[in-house]
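Participant: below is the sequence, then the predicted model.
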Amino acid sequence: MCVVVRETEQSLAIEKANHAELEEPMDAEAFVKDKIKWLGHASFRIDATGATIYIDPWKLRNPVPADIVCVTHSHFDHLSEEDINLIKRPNTVIIGPADCRASFGEAFKVIEPGKVIAVGEVKIEAVPAYNTDKDFHPKKNNWVGYIIEVDGLRIYHTGDTDVIPEMSSIKADIALVPVGGTYTMTVSQAADAVKKINPAVAVPMHCGDIVGTLDDRKRFQELHKGKVVILDPQR
C-alpha cells in the first residue's frame, strides 16, 4: 500500500469529486460479516479494500501486517505497544492521542477530537470519547473514538465512552459500541447511544474480558430494535 498522510480540519470538504466513479458500497451488514474481525475487548481488524486497519489491538494471537493502527486512549488494554509492534511495518501509520505516542517515532500521528487524518483513500476522523458519571476517561484528556471512512462506509468505533451529546451529530453506517459497563456504557446505555447514532448496523464490544460477559451482546441485541451483528472474538 502506498501511504500518503494528509491532515485536515473537521470542517474541510472531503474531496468528493475524486470518488464519483466508485462502485456502490457494500451493504453494511455484509461488510461487518465479511470485513470486520472482533479481536476481543475493544480490539478490531478491518480488512478494507487496499488497507488493513486495526483499532486498539490487544492480545493478538494471529497478527496480520497493518497499514493503519488507530489507538483510542492510553489505558493498557487499548494502547499495547507489544501488540502494535507485532503488526507494525515500515509504512504502518499509527494514529492516537498525544499520550499514546510511546516509542513509535515518526510513524505516530497525533489526533484529537475534531481532527481528520487521511491515509491513502482511508479517512479517519477523531470524535470525543469520555465518561459523564465516572472518572476513568475524563473529557479533558482528549481521548477519542474514531469514524473510519472506507469502501464507501462510515465505521464508528466509540472508544471508551458513556452516552455523550456529541453522538447525536455523528453519522455512521456501522457502530461498534461498548456494552460491558463499569468503565463504559452498560447494555441499556449502549442501546440509548445507538438510538442517537442510528447506524444501519450495531456491533457490541468491550465485554467478555476485564468487564462484562459475552452474554451482554445478546442482551444488547434484545434491547436495541435495529440491526445488530454479534461477532465472536477472534484473537
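Facilitator: Yes, it's here.
Participant: tell me how far the nearest residue to residue 227 once chain neighbours are set aside lies from residue 189.
Facilitator: Here the nearest residue to residue 227 in space, its sequence neighbours aside, is residue 201; by Cβ to Cβ, 6 or more residues apart in numbering that works out to 4.9 Å. All C-beta atoms are positioned from the backbone trio N, CA, C, and that covers glycine. Distance of residue 201 to residue 189, given as Cβ to Cβ, to the nearest Å: 19 Å.
Participant: between those two, who's got more neighbours?
Facilitator: Each of residue 201 and residue 189 has its neighbours counted (other Cβ atoms under 10 Å); residue 201 has more, 24 against 20.
Participant: show me the contacts for the residue nearest to residue 227.
Facilitator: By Cβ atoms under 8 Å, 6 or more residues apart in numbering, the residues touching residue 201 are 28-29, 32, 173-175, 226-229.
Participant: and for residue 132?
Facilitator: Per Cβ under 8 Å, 6+ apart, neighbours of residue 132: 162-164.
Participant: if we use 7 Å, what do you get?
Facilitator: By Cβ atoms under 7 Å, 6 or more residues apart in numbering, residue 132 lies in contact with 162, 164.
Participant: thinking again about what came up before, who's the residue nearest to residue 227 bridged to?
Facilitator: Beta bridges link residue 201 to residue 174 when assigned by DSSP bridges.
Participant: so it versus residue 108, what's the distance?
Facilitator: From residue 201 to residue 108 the distance is 31 Å (Cβ to Cβ).
Participant: return the helix or strand in this structure with minimum mean pLDDT.
Facilitator: strand 5-9 (a mean of 57; mean pLDDT, DSSP states H and E).
Participant: ok, and the closest non-adjacent residue to residue 232?
Facilitator: In space, residue 232 is closest to residue 38, 7.2 Å off (Cβ to Cβ, 6+ apart).
Participant: hang on, the one you found packs against residue 229?
Facilitator: No: between residue 38 and residue 229 there is no contact under Cβ atoms under 7 Å: 9.7 Å.
Participant: those two: who's more crowded?
Facilitator: Taking neighbours as other Cβ under 10 Å, residue 38 and residue 229 compare with residue 38 leading, 23 against 19.
Participant: need phi/psi at the more buried one.
Facilitator: Taking degrees, to the nearest 10, you get phi -90, psi 120 for the backbone angles of residue 38.
Participant: report the buried residues of stretch 133-145.
Facilitator: 137, 142-145 (16 or more other Cβ atoms under 10 Å).
Participant: also stretch 218-229?
Facilitator: So for stretch 218-229, counting by 16+ other Cβ under 10 Å, buried means 219-221, 223-224, 228-229.
Participant: tell me, what's the model's pLDDT at residue 73?
Facilitator: In this model, residue 73 is scored at 98, pLDDT.
Participant: distance from the chain centre to the longest helix seen in the chain, please.
Facilitator: Once the chain is assigned using DSSP state H, the helix that runs over the most residues is helix 187-197. Mean C-alpha position of helix 187-197 versus that of the full chain (Cα atoms, centre = their mean, to the nearest Å) differs by 16 Å.
Participant: and the helices in the chain?
Facilitator: Counting by DSSP H, the helices of the chain are 28-35, 81-87, 187-197, 215-223.
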